[in-house]
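# quick one, fold the following:
(one chain, ligands or ions: 2)
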Amino acid sequence: MAEQYDLVVIGTGTAAMVAAMRVRAAGWSVAIIDYRPFGGTCALRGCDPKKMLVGGASALDHARRMRGNGVAGDVHIDWPELIAFKRTFTDPVPEKHEHRYDEKGIHTYRGHARFTGRNSLTVDGESLEARHVLIAAGAEPIRLGIPGEEYFATNEDFLAMERLPRRIVLVGGGYIASEFSHIAARAGVQVTILQRGKRMLGHFDPDLVGWLMDKFREIRVDVRLRTTVSAIEKDHAGFVVRASSEGGDATFDADLVVHSAGRAPALDALDLEAGGVAAEKGRLKLNEYLQSVSNAAVYAAGDAAQEGPPLTPVSSHDAKMVAANLLEGNRHRPDYRGVPSVAFTIPPIAAVGLSEEQARQQDLKFQTKSQKASDWFTARQAVEKTYGFKVMVEDDTGRIIGAHLVGPHADEVINLFALAIRHDLTADNLKTTMFAYPTGASDIGYML
Ligand SMILES: Cc1cc2nc3c(=O)[nH]c(=O)nc-3n(C[C@H](O)[C@H](O)[C@H](O)COP(=O)(O)OP(=O)(O)OC[C@H]3O[C@@H](n4cnc5c(N)ncnc54)[C@H](O)[C@@H]3O)c2cc1C
Ligand SMILES: NC(=O)c1ccc[n+]([C@@H]2O[C@H](COP(=O)([O-])OP(=O)(O)OC[C@H]3O[C@@H](n4cnc5c(N)ncnc54)[C@H](O)[C@@H]3O)[C@@H](O)[C@H]2O)c1
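Ligands and ions are numbered 1, 2, ... in the order given. Predicted coordinates:
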């Protein structure tokens with residue numbers, strides 16, 4: 001006899017947890033499933049552990065920048081100790097999450113979930129019946145279809161490394177490659193990035209990325225652009241990565257090869273066909289309420305849905321919309337205006353709203369103010385030359401339509417621009433706000 005639930009949630013990440021808790025609070029019976037330790041990507045294999053390692057690398061970078069300016073002596077990363085520090089956060093997560101679900105009366109299942117019908121699932125042999133199903137299964141590294149793909153280390157492997165390899169090759173040149181290279185290089189690893197695209201960090205402003213590239217050079221990360229990886233081979237000494245570029249074919253030796261070439265919704269194992277859940281080219285077909293267009297019992301949220309950018313705050317926002325739609329009927333559409341994004345390089349780079357190119361494509365009339373501001377107090381105080389911005393303001397309305405920052409505090413200051421964009425604040429609104437001085441935010445007035 002199958003267990004019956006009002007809602008069965010596949011996944012235990014941010015999207016799953018937020019939706020499960022909200023729906024359960026309204027009195028529904030809820031089950032939640034994961035084949036990995038409970039907690040999801042952000043808490044266990046993404047944002048949080050990454051930021052803990054970035055903390056160590058940033059401390060080292062700051063101390064080195066201050067050398068000759070009142071801070072003496074060298075510092076170094078003690079990798080095993082840094083990983084142990086990271087584990088003080090990550091290790092307790094699964095148990096804490098399970099405990100929270102137990103406390104709220106949410107039933108937990110461990111195993112792979114798979115549809116067996118429009119309202120039924122199996123979890124490694126156990127049958128569940130569901131009035132509704134939420135697919136919050138997240139994303140997984142895309143398959144590149146190259147020989148030796150099985151040798152890739154994942155983000156999970158990198159963030160769990162107990163010992164540092166001497167040479168790392170990162171395949172891809174987006175968020176993961178940028179962040180991991182900045183951590184690893186500070187820890188003394190020889191890092192190479194093989195990026196198919198013509199520049200790094202395609203999600204960020206090209207001029208600001210250009211300024212940030214000075215930093216990649218300074219920390220000796222070898223960035224190869226327009227370079228496509230074609231194979232990974234294992235040899236007695238480690239791995240050989242084969243790649244091709246305009247200049248011809250080349251090989252790169254590595255002790256670790258990390259996948260940083262993009263992530264796609266984790267749908268393969270779900271047997272969507274058995275559930276009558278339509279998908280196309282690896283993406284679920286959803287309506288504006290995040291509901292499957294072919295099975296009204298099924299919703300999706302977060303990285304599995306990828307209706308908005310695959311970021312944690314979006315997973316949480318999606319989950320709130322789905323929970324509200326389940327409880328109140330389909331009335332709530334996700335709103336992805338003003339989603340800020342940060343790549344935690346050292347220093348960080350950030351963006352919110354439209355890129356200059358998008359604003360032009362939309363035929364908007366706007367003014368752009370942009371400057372590399374290495375001589376501003378914020379940069380000089382941090383002894384960090386990589387500091388700059390680009391802000392776009394619409395002519396007629398004075399609304400801020402896009403903001404792009406790189407340098408000290410960019411990861412925090414971007415949130416003020418996100419507030420402005422999401423709530424239609426004007427440049428004047430921000431200019432007439434008093435920000436504490438001297439802080440990163442106190443530069444905003446000069447960026448407008
Ligand atoms: C290295 C890295 C760093 C990142 N850093 C940031 C950052 O700094 N800021 C930010 O905003 N975002 C960041 N992200 C993105 C962010 O982690 C994701 O957008 C977010 O975690 C997605 O949450 P989710 O709930 O949609 O999915 P997840 O948290 O991925 O949860 C999905 C869960 O479903 C489980 N699952 C999948 N299939 C099945 C199945 N068939 N049966 C049972 N369980 C299943 C998985 O095991 C997983 O635990 C980062 C991502 C990575 C990889
Ligand atoms: N700070 C953050 O918010 C953060 C950090 C890490 C990851 N993430 C999320 O995780 C997702 C995945 O991150 P990611 O860095 O893997 O992807 P990404 O989309 O940021 O970058 C992937 C890069 O890989 C390149 N590429 C693809 N195939 C290649 C090949 N065969 N050879 C060489 N290069 C190739 C692409 O040109 C692209 O630049 C991101 O989209 C992001 O949403 C977010």
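# just the strands in the stretch 201-350 of the chain please.
All strands of the stretch 201-350 of the chain, identified by DSSP state E, counting those that start in this stretch, fall at 222-224, 228-235, 238-245, 248-254, 256-259, 263-265, 279-280, 283-284, 298-300, 341-343, 349-353.
# ok, and which of the ones you listed has the densest surroundings?
strand 298-300 (a mean of 29; mean count of other Cβ atoms under 10 Å). C-betas here are computed from N, CA, C, even on glycine.
# ok, for the residue most central in space within the chain, nearest residue in space, not its chain neighbours?
When Cα atoms, centre = their mean is applied to the chain, the residue found nearest the centroid is residue 311 (4.8 Å). In space, and not counting its chain neighbours, residue 311 is closest to residue 341: 6.1 Å by Cβ to Cβ, 6 or more residues apart in numbering.
# residue 299 is in contact with residue 291, correct?
Yes. Applying Cβ atoms under 8 Å as the test, residue 291 and residue 299 come out as touching, 5.1 Å apart.
# so what's in contact with these two at the same time?
Residues touching both residue 291 and residue 299 (Cβ atoms under 8 Å, 6 or more residues apart in numbering) are residue 325.
# tabulate the strands of the stretch 201-350 of the chain in TSV, adding columns for distance to residue 369.
Listed next are the strands of the stretch 201-350 of the chain as TSV, based on distance: least, Cβ to Cβ, whole Å:
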stretch	distance to residue 369
strand 222-224	29
strand 228-235	37
strand 238-245	36
strand 248-254	41
strand 256-259	37
strand 263-265	34
strand 279-280	41
strand 283-284	37
strand 298-300	39
strand 341-343	20
strand 349-353	14
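# can you redo these as a markdown table with distance to residue 37 and mean pLDDT?
Shown next, in a markdown table, are the strands of the stretch 201-350 of the chain (distance: least, Cβ to Cβ, whole Å; pLDDT from 0 to 100):
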| stretch | distance to residue 37 | mean pLDDT |
| --- | --- | --- |
| strand 222-224 | 34 | 98 |
| strand 228-235 | 28 | 97 |
| strand 238-245 | 28 | 97 |
| strand 248-254 | 28 | 97 |
| strand 256-259 | 20 | 98 |
| strand 263-265 | 19 | 98 |
| strand 279-280 | 27 | 98 |
| strand 283-284 | 25 | 98 |
| strand 298-300 | 22 | 99 |
| strand 341-343 | 26 | 98 |
| strand 349-353 | 30 | 98 |
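# I'd like those as TSV, with distance to ligand 2 appended.
What follows is those, written out as TSV (distance: least, Cβ to the nearest ligand atom, whole Å):
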stretch	distance to ligand 2
strand 222-224	9
strand 228-235	4
strand 238-245	7
strand 248-254	12
strand 256-259	7
strand 263-265	4
strand 279-280	19
strand 283-284	14
strand 298-300	16
strand 341-343	5
strand 349-353	10
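# right, and the ones you listed - which one's nearest residue 122?
Smallest distance to residue 122 across those (Cβ to Cβ): 15.6 Å, for strand 298-300.
# touching ligand 1 at all, the closest one?
No. If you take Cβ under 6 Å from any ligand atom as the test, strand 298-300 misses ligand 1, and the best it gets is 9.1 Å.
# and that strand, how far from the chain's centre?
How far strand 298-300 lies from its chain's middle: 22 Å, per Cα atoms, centre = their mean, to the nearest Å.
# list the helices and strands that strand packs on?
Applying 3 or more Cβ pairs under 8 Å, 6 or more residues apart in numbering; DSSP states H and E, we find strand 298-300 packed against strand 126-135, helix 312-328.
# give me the residues contacting that strand.
With contact meaning Cβ under 8 Å, 6+ apart, strand 298-300 is reached by 132-136, 275, 277, 284, 286, 289-292, 318, 322, 325-326.
# which ones, among the residues you listed, also lie beside ligand 1?
Within the contacts of strand 298-300, those near ligand 1 by Cβ under 6 Å from any ligand atom are residue 136.
# for PyMOL, write the selection for the buried entries among the contacts of strand 298-300.
Selection of buried members from the contacts of strand 298-300 for PyMOL, criterion 16 or more other Cβ atoms under 10 Å:
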select buried, resi 132+133+134+135+136+275+277+284+286+289+290+291+292+318+322+325+326
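# coming back round to it: in the sheet, who's paired with the residue nearest to residue 311?
Beta-bridge partners of residue 341, counted by DSSP bridges, are residue 351.
# can you name the residues of the stretch 101-250 of the chain sitting close to ligand 1?
Residues of the stretch 101-250 of the chain lying near ligand 1 (Cβ under 6 Å from any ligand atom): 112-113, 136-138, 155, 176.
# how about those, which pair is most distant?
Farthest apart among these by Cβ to Cβ are 113 and 176. That separation is 26.1 Å.
# what about the longest helix belonging to the chain, near ligand 2?
In the chain, taking DSSP state H as the definition, the longest helix is helix 47-65. No. Contact of helix 47-65 with ligand 2 (Cβ under 6 Å from any ligand atom) is absent, the minimum separation being 6.6 Å.
# do stretch 127-139 as well
No. Residues of stretch 127-139 are not located near ligand 2 by Cβ under 6 Å from any ligand atom, the shortest gap being 7.0 Å.
# run the chain-centre distance for that stretch.
That offset, for stretch 127-139, works out to 23 Å (Cα atoms, centre = their mean).
# direction included, what does the one helix or strand residue 405 maps to pair up with?
Using DSSP states H and E, residue 405 sits within strand 400-406. Strand 400-406 sits in its sheet next to strand 349-353 (antiparallel), strand 388-394 (antiparallel), going by DSSP bridges.
# right, and the ones you listed - which one's nearest residue 44?
Nearest to residue 44 among the strands paired with strand 400-406 is strand 349-353 (24.1 Å), distances taken as Cβ to Cβ.
# for the helix or strand that the closest one is followed by, buried residues please.
Next along the chain after strand 349-353, taking DSSP H and E as the criterion, comes helix 356-361. By neighbour count on 16+ other Cβ under 10 Å, the buried set for helix 356-361 is 356, 359.
# C-terminal to helix 356-361, what's the next element?
Going down the chain from helix 356-361, the next helix or strand is strand 366-372, by DSSP H and E.
# so which other helices or strands are in contact with that next one?
Packed against strand 366-372 by the contact rule (3+ Cβ pairs under 8 Å, 6+ apart) you find strand 388-394.
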